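Trainee: take this sequence and fold it.
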Amino acid sequence: MLVFLSIILVIIFVLLLFVILSFFFLAIDVFLDLPYVATRREKIATIIKLAQIKPGETVIDLGSGDGRLLLASAQKGARAIGYEINPFLVLLTQVRTRRKSRGEVIIKRQNLWKANLSIANVVFVYGRKKTMQKFEDFVYKNAKKGISIVANTNPFPNKKPQKIENGIYLYKV
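Mentor: Next up is the predicted model:
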């Protein structure tokens, strides 16, 4: 009976810990105005296809979340740099990137608005409709001419994409 009670208490503790961590995880996103939304696999394939990543290129993911796009970019031989402010997502990306990949994955726990876009060949962007103007201004002001920008779900309000596929928008600076 004592063993059974101990197991129940451990299960309750683990569930409570999960609820507390989930609360903090969600609370961080509420205050940041840029929520974590995991990119679906079929969209990852479209993003990577439109980006046309070549080995040795530098890819920057603004708000890299759990690192899915970073890993996919590294598999193409890119140097993938993610900017993510949520410490739980940074940790998750670090755990996921311990596996071998063809390219290099770097995750920076840093505000994405301070990203150095001048080194990028490709930039990935995801934001709500209301933040896309800010992304558009930031990327076009700070990126070098000729880079590709891939926006997931929501387009830039004042730029015409070169290609649109599966809710993914490709732009060139």
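Trainee: okay, now Lys49: neighbour count?
Mentor: 15 (other CB atoms under 10 Å). In this view, the C-beta of every residue, glycine as well, is placed from N, C-alpha and C.
Trainee: surely it forms part of a helix?
Mentor: Yes - Lys49 forms part of a helix when assessed by DSSP: H, G, I helix; E, B strand; the rest coil.
Trainee: how close does it get to Gly67?
Mentor: Between Lys49 and Gly67 the distance, using CB to CB, to the nearest Å, works out to 19 Å.
Trainee: could you do Arg41 as well?
Mentor: For Arg41 relative to Gly67 (CB to CB), the value is 14 Å.
Trainee: the two - which one has more neighbours?
Mentor: Gly67 (24 against 10).
Trainee: what about the strands in this protein?
Mentor: In the chain, the strands defined using DSSP state E lie at 58-62, 79-83, 104-108, 122-126, 148-152, 163-165, 168-172.
Trainee: quick one: list the elements packing against the first one.
Mentor: Right, the one you point to is strand 58-62. helix 68-75, strand 79-83, strand 122-126 (3 or more CB pairs under 8 Å, 6 or more residues apart in numbering; DSSP states H and E).
Trainee: redo that, cut-off 10 Å
Mentor: Contact here means 3 or more CB pairs under 10 Å, 6 or more residues apart in numbering; DSSP states H and E; on that basis strand 58-62 packs against helix 41-51, helix 68-75, strand 79-83, strand 104-108, strand 122-126, helix 132-142, strand 148-152.
Trainee: list the buried residues of stretch 162-173.
Mentor: Using 16 or more other CB atoms under 10 Å as the test for burial, stretch 162-173 gives Ile168, Tyr169, Leu170, Tyr171, Val173.
Trainee: could I get the average pLDDT for that stretch?
Mentor: Here stretch 162-173 scores 96 as its mean pLDDT.
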